[in-house]
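S.K.: this is the structure alone, sequence omitted:
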């Protein structure tokens, strides 16, 4: 293929210094050949001619001499280079319009089907098993939220990548004037990334509290749509649009909110001791129920090693030699018969 026909791709890069000098030389002349350019510039001009021709900035000079060249105005060169791309854009737009028409032809059938589904009550519970789809759905619900977002996030401190993903979305939500309340577990207070996130969102009006146990992972948007985690299915979520179920989720959140404590961005020694005492009391209760260490750790949002350290301290305090003995000693005594 001749150099001047190599297309717009060749013009995509930056011109070399030699090509720039040659173009300036060509602009000052009606036409030139490679030998003249080499003599004037002191370097071989063949490569620069090829480069400029590929960018449509040089063309064969009219006349009988086969190897003479003349400069092309930059705007004319741009028009030549962009013509194939403009054609491709027009063809792409035409294909988009055809595809949109084919898909929109199905709108009446979809609307009729969803209307029938809503009348029958189906479709108000939707199981989403793909994590990417869950994240996309949450982003859409956050963008559409108008009044209040309630979130309950058990599991202690949240992963840094999760916080980085959500901070921009949450700040946009808050700057729109949407109210946001969040409940974490007490152990989240000791996570620096989580505390930094809380400091940023509370500065914009969000409210954050913590609770020891009993949290369910869920989000509630405008008391209209709920998203809750699915037990034993990591990354899956159940989307709830049934009003009575969303109302139940909201009531459960409000009850937890009343018993939760405000999340401070810095934890004083007194507050840390208070939270540690509450965590130990919760561990005692769960231990007396016969739960395993890993289950207790998961319930309280802490590592299993940290949980085992707390259990060891509790066992020493009650004089137990095994966790089973500790569970027995810590179990509440059965109620005796009522006095006569």
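M.R.: Looks like it came in fine. The shown structure was predicted, so the numbers you read here are calculated from the model rather than taken from an experiment.
S.K.: what packs against the host helix or strand of residue 19?
M.R.: Residue 19 belongs to helix 17-27 when assigned by DSSP states H and E. Counting contacts by 3 or more Cβ pairs under 8 Å, 6 or more residues apart in numbering; DSSP states H and E, helix 17-27 packs against helix 34-41, helix 46-54, strand 69-71. Heads up, the C-betas are built off the backbone N, CA and C, glycines and all.
S.K.: quick one, the second one and helix 34-41 angle?
M.R.: Using axes from the mean of the first three to the mean of the last three Cα atoms, to 10 degrees, the direction of helix 46-54 lies 110 degrees away from that of helix 34-41.
S.K.: ok, then the element right after helix 46-54?
M.R.: strand 58-60.
S.K.: identify each buried residue in that next one, please.
M.R.: Neighbour-count burial for strand 58-60 flags 58, 59 (criterion: 16 or more other Cβ atoms under 10 Å).
S.K.: just stretch 281-299 next, same as before
M.R.: 282, 283, 284, 285, 286, 287, 291, 293, 296, 297, 298, 299.
S.K.: do the same with stretch 38-56
M.R.: Buried positions in stretch 38-56, judged by neighbour count with 16+ other Cβ under 10 Å: 38, 45, 48, 49, 50, 51, 52, 53, 54, 55, 56.
S.K.: I'd like those residues as CSV, with pLDDT appended.
M.R.: Below are those laid out as CSV (pLDDT from 0 to 100):
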residue, pLDDT
38, 90
45, 86
48, 91
49, 91
50, 91
51, 91
52, 92
53, 91
54, 91
55, 91
56, 91
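S.K.: chain center to stretch 96-113: distance?
M.R.: Its chain's C-alpha centre and that of stretch 96-113 lie 29 Å apart, by Cα atoms, centre = their mean, to the nearest Å.
S.K.: who touches it?
M.R.: Residues from elsewhere that reach stretch 96-113 (Cβ atoms under 8 Å, 6 or more residues apart in numbering): none.
S.K.: pLDDT of that stretch, averaged?
M.R.: Averaged across stretch 96-113, pLDDT comes to 84.
S.K.: nearest to residue 221, of the buried residues of stretch 38-56?
M.R.: residue 55 (53.4 Å; Cβ to Cβ).
S.K.: from residue 81, how far off is that closest one?
M.R.: For residue 55, the distance to residue 81 equals 7 Å [Cβ to Cβ, to the nearest Å].
S.K.: for residue 109, same thing?
M.R.: 46 Å.
S.K.: just want to know which of the two has more residues nearby.
M.R.: residue 81 (19 against 9; other Cβ atoms under 10 Å).
S.K.: so residue 67 belongs to a helix, correct?
M.R.: No: read with DSSP: H, G, I helix; E, B strand; the rest coil, residue 67 is coil and lies in no helix.
S.K.: now the residue lying closest to it once chain neighbours are set aside: phi and psi?
M.R.: Nearest-residue entry for residue 67: residue 33, 5.2 Å, with adjacent residues in sequence omitted and distances by Cβ to Cβ, 6 or more residues apart in numbering. Taking degrees, to the nearest 10, you get phi -120, psi 170 for the backbone angles of residue 33.
S.K.: what's the neighbour count on residue 33?
M.R.: 15.
S.K.: and what of the one 3 residues further on?
M.R.: Here the number of neighbours of residue 36 (other Cβ under 10 Å) works out to 15.
S.K.: what pLDDT is listed against it?
M.R.: At residue 36, pLDDT is 87.
S.K.: let's have the chain start at 26 instead
M.R.: That works, and once the first residue is 26, the last one we named lands at residue 61.
S.K.: all helices of the stretch 76-225 of the chain, in order?
M.R.: Using DSSP state H, counting those that start in this stretch, the helices assigned to the stretch 76-225 of the chain run over residues 99-129, 132-145, 156-169, 185-200, 217-228.
S.K.: could you identify which of those helices is most buried?
M.R.: helix 217-228 (a mean of 17; mean count of other Cβ atoms under 10 Å).
S.K.: quick one: contacts of it?
M.R.: With Cβ under 8 Å, 6+ apart as the criterion, helix 217-228 contacts 182-183, 185, 188, 191-192, 195-196, 199, 205, 207, 209, 213-214, 231, 233, 288, 290-291.
S.K.: go with 7 Å
M.R.: Outside helix 217-228, the residues that touch it by Cβ atoms under 7 Å, 6 or more residues apart in numbering are 182-183, 185, 188, 192, 195-196, 199, 205, 209, 213-214, 233, 288, 290.
S.K.: could you point out the helix or strand that follows that helix?
M.R.: On the C-terminal side of helix 217-228, the closest following helix or strand by DSSP H and E is strand 232-236.
S.K.: got a list of what residue 267 touches?
M.R.: Going by Cβ under 7 Å, 6+ apart, the list of residues near residue 267 reads 149, 150.
S.K.: to clarify, my last question referred to residue 177.
M.R.: Contacts for residue 177 were tallied using Cβ under 7 Å, 6+ apart; they are 208, 240, 241, 242, 243, 278, 281.
S.K.: what's the neighbour count on the third one?
M.R.: Just to be clear, that refers to residue 241. Residue 241 has 15 neighbours, counted by other Cβ under 10 Å.
S.K.: let's verify it: helix, strand, or coil?
M.R.: Reduced to three states by three-state DSSP, residue 241 is coil.
S.K.: for it, which non-adjacent residue is closest in space?
M.R.: Closest residue to residue 241 apart from its sequence neighbours, by Cβ to Cβ, 6+ apart: residue 177 at 6.0 Å.
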